[in-house]
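[1] the sequence and its predicted three-dimensional model are supplied below.
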Amino acid sequence: MSTSVIPAVIDALVAQATAALPGVNVFDGYGVVNDFGDYLMVGTDDPSQAVRSIAAQASQTTGPMGTSRPRDESGSVICAALAWNGNGSAKDARDAAFAVVAAVEALLRADPQLGLTGGPYLVAEMGDGFQLEQTQSDQGAEALVGFSVRFRARI
């Protein structure tokens, strides 16, 4: 019996996104970004900070006392989509970052179990909010969309 599905959900998100987004650099956690491009960071709340960050959070409800009924877990994995271009166009960066988010959403709709079979029952879906940060400098435009992947599981 698993203590939590958080590690499995993060692993599955990274694996599925890497396969589904060939033009995007996918990182498990904070990724070092020194080149222009599109990025997905699974398990970080602020990729601009190279320090510890919130990766996921969850809560559990237990079965009735004295029974072997499984626990139910619900939570979310924090993600960040980053687009950095060298042309200085905020629109291009913003559109590219939201395209990464849309691709993750399509991945979740196509397979809400994230390819996890034979283990705990799991359903993953997009969280209920986004946060957009934008910046421009002499090195181009950058857009960062923070979002979460919500999950429910019986463990």
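    The structure has been received and is ready for your questions.

[2] run the chain-centre distance for the lengthiest strand in the chain.
    Of all segments of type strand in the chain, defined using DSSP state E, the longest is strand 121-137. Between the centre of strand 121-137 and the centre of its host chain there is 7 Å, according to CA atoms, centre = their mean, to the nearest Å.

[3] what residues does it touch?
    Contacts with strand 121-137, where a contact means CB atoms under 8 Å, 6 or more residues apart in numbering, come from 5, 8-9, 13, 76, 88, 90, 93-94, 97, 101, 104-105, 108, 112-114, 116, 141-154. All C-beta atoms are positioned from the backbone trio N, CA, C, and that covers glycine.

[4] among those residues, the buried ones, what's the ChimeraX command?
    Here is the ChimeraX command that picks out the buried ones among the contacts of strand 121-137, judged by 16 or more other CB atoms under 10 Å:
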select :5,8,9,13,76,93,94,97,101,104,108,113,114,116,141,142,143,144,145,146,147,148,149,151,152,153
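
[5] out of the contacts of strand 121-137, which are inside helices?
    Residues from the contacts of strand 121-137 lying in helices, with DSSP state H as the criterion: Ala8, Val9, Leu13, Ala90, Ala93, Arg94, Ala97, Val101, Val104, Glu105, Leu108.

[6] what is the burial count for the closest residue to the third one other than its chain neighbours?
    Beyond its immediate neighbours in the sequence, the residue positioned closest to Leu13 (CB to CB, 6 or more residues apart in numbering) is Val42, lying 4.8 Å away. Other residues near Val42 number 27, with proximity taken as other CB atoms under 10 Å.

[7] go ahead and confirm Val42 touches Cys79.
    Yes: shown here, Val42 and Cys79 form a contact pair, counting by CB atoms under 8 Å, at 5.3 Å.

[8] which residues are in contact with both of these two?
    Between them, Val42 and Cys79 have Leu13 as joint contacts when contacts are counted by CB under 8 Å, 6+ apart.

[9] what lines up beside the one helix or strand Ala58 maps to in the sheet?
    Element membership of Ala58 [criterion: DSSP states H and E] is strand 56-61. Note on strand 56-61: by DSSP bridges, its sheet partners are strand 72-84 (antiparallel).
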